[in-house]
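>>> Take a look and give me a structure for this.
(chains A and B)
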Amino acid sequence: MFAQKFEYTAPKTLDEALHLLANGAKPLAGGMSLIPMMKLRLAAPEHLVDLRALKDLNYIREAGGQLHIGATASHYDIESSALLRQKCPLLTETAAAIGDVQVRNLGTIGGSVAHADPAADYPAALQALEAKFVLRSEKSERTLSAADLFVDALTTALQPGEILSEVIVPIDDTRTGTSYLKMAQPASGFAIVGVAARVRQNAGKISFVRIGVTGLSNRAYRATAAEKALEGKTGSAADIQSAAALVARGVDANSDLHASADYRKHLAVVHAARALKTALSRIA
Amino acid sequence: MKISGSYTLPVAPERAYQILQDPAVLAQAMPGCEGLEQIGPNEYRMKMNVILAALSGKFEGKVRIADAVPPTSFRLIVEGSGRIGFLKGDGLLKLSLANTNPSVSTVVSYEGDAHVGGTLAAVGQRLIDGTSKMMLKKFFDKLVSLAH
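Numbering: from 1, shown residues only, chains lettered A, B, ... in the order given. Below is the predicted model of the structure:
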């Protein structure tokens, strides 16, 4: 089907884009979610502002001991970045697990995060990384944590006229291992459940654990009870199992024709255990 | 799709029952509601503009209240359709006094069936459960703020 008629602008500068967005236009990044919805006429924005041409939104760089990723960096840019592979392998692994080659070539990290699909892959990794998000509008700039940004299904803290301009992730030391593991829905590649694990070991004990879960409920979240259960332990198979058992506890899991709520919870436990084991095995 | 759940409203059951059937309150609490107009006894015409991220769609439909037993229960029958799909729902709402100390509150529990069809259901199946929970949460959160 064809989309409804709409106006299209590809501004040269971010300021110009923010000005148009302040006047009610809708941002377009990779278009991997928005364009299909427009073709199905589930969405009918009157004015699209294409952010892909903005050079000042497409970068991956290290600064001030952190990694800064511009919103229009594509999944492929992230997957193939030597800098990220070396300093934040969790993000390259996650990007490589998204959809298919075509989606990864066009889809962007900013678009995926702002769309906040409850089954998207990045949010699990970004929760585990305790990423920061820079939100800009014509008049303001603010930085939010992952916990504050992801509000509900398809809902973020982004206000009308505001765009996500940058994702900031930390650089871990060599005592840290990470892993992202998911059960993919075969047709779309979306995560039925996806778990990102990030663990640090010190003198034989696990000193730091972050677990991000996506696909299970309306928003990706950090499984803090499971994190606490594993901290201070040696990371034996039994330690991992009893921590993983807590990842879905108390979570309002969603059902669809691919997986019931109970099955999703089961998958979350199994994938958390495997992701934690892999993350531990990757500690240098 | 079965839907069920419960929410607590910080008012007595009589007041909770009253606001749950007050078109002015409902019109404000339903996400995207653009108008609720009485067309018969216990029957209302509803206009909604649902906006969810990039997705948006106008719906028109009817809301009907049946089997009313004030202040403990009633059935709510909702039918709506628009270009992107249709929605049918039939649910029983039960109200019970939850607490009188330190302040009075009422538990509203609901149980029913909902059907979503059309393009919306065909392509958005995996999002229906989550988004309907979110809409209900928004509705009750707003109701709490309007309850006093």
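>>> Quick check: which element contains A:M37?
Assessed by DSSP states H and E, A:M37 sits inside helix A:34-39.
>>> What is the helix or strand that that helix is followed by packed up against?
Next along the chain after helix A:34-39, taking DSSP H and E as the criterion, comes strand A:47-50. Contacts defined by 3 or more Cβ pairs under 8 Å, 6 or more residues apart in numbering or on different chains; DSSP states H and E place strand A:47-50 against strand A:7-9, helix A:14-22, strand A:26-28. All C-beta spots, glycine's among them, are computed from the backbone N, C-alpha and C.
>>> which outside residues touch the longest one?
Right, the one you point to is helix A:14-22. Here helix A:14-22 makes contact (Cβ atoms under 8 Å, 6 or more residues apart in numbering or on different chains) with A:9, A:11, A:27, A:47, A:49, A:51, A:54, A:56-57, A:136-139, A:161-163, A:165.
>>> Can you tell me which of these are buried?
A:P11, A:P27, A:V49, A:L51, A:L54, A:L57, A:R136, A:S137, A:G161, A:E162, A:I163, A:S165 (16 or more other Cβ atoms under 10 Å in any protein chain shown).
>>> In strands only, show me the residues you listed.
Secondary structure assignment by DSSP state E places A:P27, A:V49, A:R136, A:I163, A:S165 of the buried ones among the contacts of helix A:14-22 in strands.
>>> Which pLDDT does the model give the first one?
Put plainly, it is A:P27. For A:P27, the model assigns a pLDDT of 95.
>>> What mean pLDDT does the longest helix seen in chain B get?
Secondary structure assigned by DSSP state H gives helix B:119-146 as the longest helix of chain B. Regarding helix B:119-146, the rounded mean pLDDT is 88.
>>> I'd say A:V167 and A:F133 touch.
Yes: in this structure, A:V167 is within contact of A:F133 by Cβ atoms under 8 Å, at 5.9 Å.
>>> Give me the common contacts of these two.
A:V113.
>>> returning to what we had before: nearest to chain B among the buried ones among the contacts of helix A:14-22?
The nearest member of the buried ones among the contacts of helix A:14-22 to chain B, counting by Cβ to the nearest Cβ, is A:P27 at 9.7 Å.
>>> how about that closest one, what does it touch?
Contacts of A:P27 by Cβ under 8 Å, 6+ apart are A:A17, A:L21, A:L48, A:V49, A:L51, A:A114, A:I163.
>>> Which residue is the nearest non-sequential neighbour of A:L90?
Closest residue to A:L90 apart from its sequence neighbours, by Cβ to Cβ, 6 or more residues apart in numbering or on different chains: A:T178 at 3.7 Å.
>>> Run through who's touching the one helix or strand that neighbour maps to.
Using DSSP H and E, A:T178 sits within strand A:176-184. By Cβ under 8 Å, 6+ apart, the residues outside strand A:176-184 that reach it are A:89-90, A:93-94, A:97, A:121, A:124-125, A:128, A:172, A:190-201, A:208, A:214-215, A:267, A:271, A:274-276, A:278-284.
>>> let's go with 7 Å and repeat that
Residues outside strand A:176-184 that contact it (Cβ atoms under 7 Å, 6 or more residues apart in numbering or on different chains): A:89-90, A:93-94, A:97, A:121, A:124-125, A:191-200, A:267, A:271, A:274-275, A:278-283.
>>> Chain A contacts on chain B?
Chain B comes close to chain A at residues B:52-57, B:83-84, B:119-120, B:123, B:125-127, B:129-131, B:133-134, as judged by Cβ under 7 Å from any Cβ of the partner chain.
>>> Narrow those residues to those that are buried.
Looks like those have B:52-57, B:84, B:119-120, B:126-127, B:129-131, B:133-134 buried, using 16+ other Cβ under 10 Å.
>>> All the helices of the stretch 151-284 of chain A, residue numbers only.
Here the stretch 151-284 of chain A has its helices, by DSSP state H, counting those that start in this stretch, at A:224-230, A:237-244, A:261-281.
>>> Now the two most distant members of the buried ones among the residues of chain B next to chain A.
Greatest spatial distance in these: B:T119 and B:K133, 21.1 Å, computed using Cβ to Cβ.
>>> one step back: which of the helices of the stretch 151-284 of chain A sits closest to chain B?
Closest to chain B of those, according to Cβ to the nearest Cβ: helix A:261-281, at 8.1 Å.
>>> buried ones in that closest one?
Neighbour counts using 16+ other Cβ under 10 Å place A:261, A:264-265, A:267-280 of helix A:261-281 among the buried residues.
>>> ditto for stretch B:33-53
B:C33, B:L36, B:Y44, B:M46, B:K47, B:M48, B:V50, B:L52, B:A53.
>>> how about the second one, what does it touch?
Looking back up the chat, that one is B:L36. By Cβ under 7 Å, 6+ apart, B:L36 lies in contact with B:P23, B:L26, B:A27, B:Y44, B:M46.
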